[in-house]
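In: Here is my input, please return the structure:
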Amino acid sequence: GYAAGAAGIGVAGVPSSLLLLFYLTEIVRVPPASAGLLIGITKIWDVLVDPALGGAVERYSRRRGQRAPLAFVSALAYVLALLGLFALPAQSGPLGSLLLVVGLLIVSSVAHTAFLVLKLALADDMTRGAAERMGLFAYSGVLTALLTLAATAMVPFLIRWGGDGARGYALMAGGIAIFGALSFLAFLLSTRDYPVRQDGGKAAEPALWQSIRLSFGNRPYYYLLGFLLCFGTSAGLLSAYLPYINQYLLRAGPGSLSVLGSITLVCMLASMPLIARLVRRHGNLGTVRYANSVFLLSFPLLWLASYGPIWATWAAVAVFGFGAGGMAILLQSTIIDIAKLRLAGGVAVSMGVYLGIFMAAQKLGQSAGSVLAGLLLDWSGFVPGQAEQNPRALQVLRLGYTLAPMLLTALGTLCVLRIRLPERDGAPD
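Out: Purely as a prediction, here's the structure:
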């Protein structure tokens, strides 16, 4: 049941991560730079609000003694925002559509943060240690990959069944929203009775902004956030460009986009047993470094494959999937362990504050990929809806989903190599 929560987020997030930038430029006819900035502006909200939101969610849950009420509200808001994003009323006009998108993205973002903070904290309530928690995350990752794979396969066929255009996207959002809502319902029904674990012996927590300031002393935590930002931006660039690559470089139809997404998810799923074995032998952090090496290798392979037949791109995307596979659960488990490190003087910082900052960094990285993709498309002279693009636009597309994310991933590698975990019960270095 717990795994269905992550699956709900994964399923309902497929349309936005895969098609939002493409939808805004090709269907709503928003200029690429404006569309990318539009998505990025809402992430400024995340940076400002998510740390406070994470702390507030944790405090409220502890007072109530349960997490289910807030989980229900956040899951409902997330599904409704998805419906609104891909069913923008035609009569709202360009400015009205932009304002609606900003408002709906903010609602979606707040709901996403609140739900994931609740879900990750619940994992700590349900388990007795890091090994047991990793097992819970691994099972959750497998179910999420399977259901997200199904949703990814459904998306292009639902759009085509709806007649393409605005109606097709609205129908697709409705179908995926129902799929996601059922996953959320399974999570809520199966976890509603778990109480919040109260740490009776824990020292009183400082005020919110003092907690954020004190968290800066946890250097491993912020090195991991730096890696997360680079990883998220790289993956966001690839996701944002994939529909354009499929259409303008690979010259393939909507079915091919589904194949590309499905290959990625299948390889992520196939990597899970290997990830679990590596964690037992090298720990969470060592496994992150191994997986990141494969992730980094995938980008030069994608560049080479873009000049060859479509099966070469499928093979390179498979390498990407193996590198990215398990990274989400590895980072979640590692972040919880690092967040529990004692600060100087034994000061206690709320887990919710750490998780809120983590969510802000995660979403900032993903949105930075969309912003960068939109700016590069606009600079290249890309014309939305045009059957043929100019040579510079095609070259920017090719380099934008290969060289740019490769450089970002190399920067993230420097961050993860800087992490040095202290001895158990020691203070962060």
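In: Point to the helix or strand of the protein where mean pLDDT is at its lowest.
Out: helix 208-215 (a mean of 73; mean pLDDT, DSSP states H and E).
In: Can you list the helices and strands that that helix packs against?
Out: Other helices and strands packing on helix 208-215, by 3 or more Cβ pairs under 8 Å, 6 or more residues apart in numbering; DSSP states H and E, are helix 32-64, helix 351-380. C-beta here means a position set from N, CA and C on the backbone, and glycine is covered the same way.
In: how about it: buried residues?
Out: The neighbour-count check on helix 208-215 (16 or more other Cβ atoms under 10 Å) flags L208, S211, I212, L214, S215 as buried.
In: Once you drop chain neighbours, what's closest to A318?
Out: Closest residue to A318 apart from its sequence neighbours, by Cβ to Cβ, 6 or more residues apart in numbering: C267 at 4.7 Å.
In: what number of residues lie near the one you found?
Out: Around C267 there are 19 other residues, counting by other Cβ atoms under 10 Å.
In: angle of the helix or strand containing M406 against helix 351-380?
Out: Using DSSP states H and E, M406 sits in helix 403-417. With axes from the mean of the first three to the mean of the last three Cα atoms, to 10 degrees applied, the angle from helix 403-417 to helix 351-380 works out at 160 degrees.
In: CA atoms only for helix 403-417 - export them in PDB, please.
Out: This file holds the C-alpha atoms of helix 403-417, laid out as PDB (Å, rounded to 0.1, in the frame of the first residue of the first chain):
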ATOM      1  CA  LEU A 403      26.500  17.900 -24.300                       C
ATOM      2  CA  ALA A 404      24.700  20.300 -21.900                       C
ATOM      3  CA  PRO A 405      23.400  17.600 -19.500                       C
ATOM      4  CA  MET A 406      26.800  15.800 -19.700                       C
ATOM      5  CA  LEU A 407      28.600  18.900 -18.400                       C
ATOM      6  CA  LEU A 408      26.000  19.400 -15.600                       C
ATOM      7  CA  THR A 409      26.400  15.800 -14.600                       C
ATOM      8  CA  ALA A 410      30.200  16.200 -14.400                       C
ATOM      9  CA  LEU A 411      29.700  19.100 -12.100                       C
ATOM     10  CA  GLY A 412      27.300  17.000  -9.900                       C
ATOM     11  CA  THR A 413      30.000  14.300  -9.800                       C
ATOM     12  CA  LEU A 414      32.300  16.800  -8.100                       C
ATOM     13  CA  CYS A 415      29.700  17.400  -5.500                       C
ATOM     14  CA  VAL A 416      29.000  13.800  -4.700                       C
ATOM     15  CA  LEU A 417      32.800  13.100  -4.500                       C
END
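In: of the buried residues of helix 208-215, closest to V317?
Out: S215 (36.7 Å; Cβ to Cβ).
In: list the contacts for the closest one?
Out: Y221, L343, V349, V353, Y354, I357 (Cβ atoms under 8 Å, 6 or more residues apart in numbering).
In: need these in CSV with distance to T313, neighbour count and pLDDT, can you?
Out: Putting the contacts of S215 into CSV (distance: Cβ to Cβ, whole Å; neighbours: other Cβ atoms under 10 Å; pLDDT from 0 to 100) gives the following:
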residue, distance to T313, neighbour count, pLDDT
Y221, 37, 21, 86
L343, 47, 15, 69
V349, 44, 24, 70
V353, 42, 28, 77
Y354, 38, 27, 81
I357, 36, 23, 82
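In: Can you say which two of those are spatially most distant?
Out: L343 and I357 (14.5 Å).
In: Spatially nearest residue to I275, not counting backbone neighbours?
Out: G326 (3.5 Å).
In: Relative to Y290, how far out is that neighbour?
Out: Distance, G326 to Y290, by Cβ to Cβ, to the nearest Å: 10 Å.
In: who has more neighbours, those two?
Out: Between G326 and Y290, counted using other Cβ under 10 Å, the more crowded position is G326 (27 against 14).
In: show me what contacts that one?
Out: A138, G141, M268, S271, M272, I275, T287, A291.
In: next helix or strand past the helix or strand harbouring the third one?
Out: With secondary structure defined by DSSP H and E, M268 is part of helix 254-305. Secondary structure here is assigned by DSSP H and E; on that basis, the next helix or strand after helix 254-305 toward the C-terminus is helix 310-324.
In: Check which helices and strands the helix or strand just after that following helix sits against.
Out: Following helix 310-324 in sequence order, the next helix or strand is helix 327-339 (DSSP H and E). On a contact count with 3+ Cβ pairs under 8 Å, 6+ apart, helix 327-339 meets helix 93-126, helix 130-161, helix 219-244, helix 254-305, helix 351-380.
In: the inter-axis angle of the third one versus helix 130-161?
Out: It refers to helix 219-244. 20 degrees.
In: before we move on, back to that, contacts made by the helix holding M406 with the rest, please.
Out: 223-224, 226-231, 233-235, 237-238, 285, 288-289, 292-293, 295-296, 299-300, 303, 369, 372, 376.
In: ok, back up a step: please tabulate the helices and strands packed on helix 327-339 in JSON lines, including the columns distance to A387.
Out: JSON lines is the format used below for the helices and strands packed on helix 327-339 (distance: least, Cβ to Cβ, whole Å):
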{"stretch": "helix 93-126", "distance to A387": "23"}
{"stretch": "helix 130-161", "distance to A387": "18"}
{"stretch": "helix 219-244", "distance to A387": "13"}
{"stretch": "helix 254-305", "distance to A387": "15"}
{"stretch": "helix 351-380", "distance to A387": "16"}
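In: Go through these and name the closest to L85.
Out: From the helices and strands packed on helix 327-339, taking Cβ to Cβ, the stretch that ends up closest is helix 93-126, at 5.0 Å.
In: List the buried residues in that closest one.
Out: Judged by neighbour count using 16+ other Cβ under 10 Å, the buried positions of helix 93-126 are 97-98, 100-101, 104-124.
In: next one: stretch 275-286
Out: Neighbour-count burial for stretch 275-286, with 16+ other Cβ under 10 Å as criterion, is recorded at I275, A276, L278, V279, N284, L285.
In: Return the closest of those residues with respect to I178.
Out: Set against I178, the nearest of the buried residues of stretch 275-286 by Cβ to Cβ is I275 (31.0 Å).
In: contacting residues around that closest one?
Out: Per Cβ under 8 Å, 6+ apart, neighbours of I275: A138, T287, A291, G325, G326, I329, L330.
In: Quickly name whichever of the residues you listed is closest to A77.
Out: I329 (24.5 Å).
In: could you measure that closest one against T409, distance?
Out: Taking Cβ to Cβ, one finds I329 at 19 Å from T409.
In: Likewise for Y139?
Out: 28 Å.
In: quick one: which of these two has more around it?
Out: Ranked by neighbour count (other Cβ under 10 Å), Y139 and T409 place T409 first, with 23 against 15.
In: Give me the pLDDT for that one.
Out: T409 is assigned a predicted lDDT (pLDDT) of 92.
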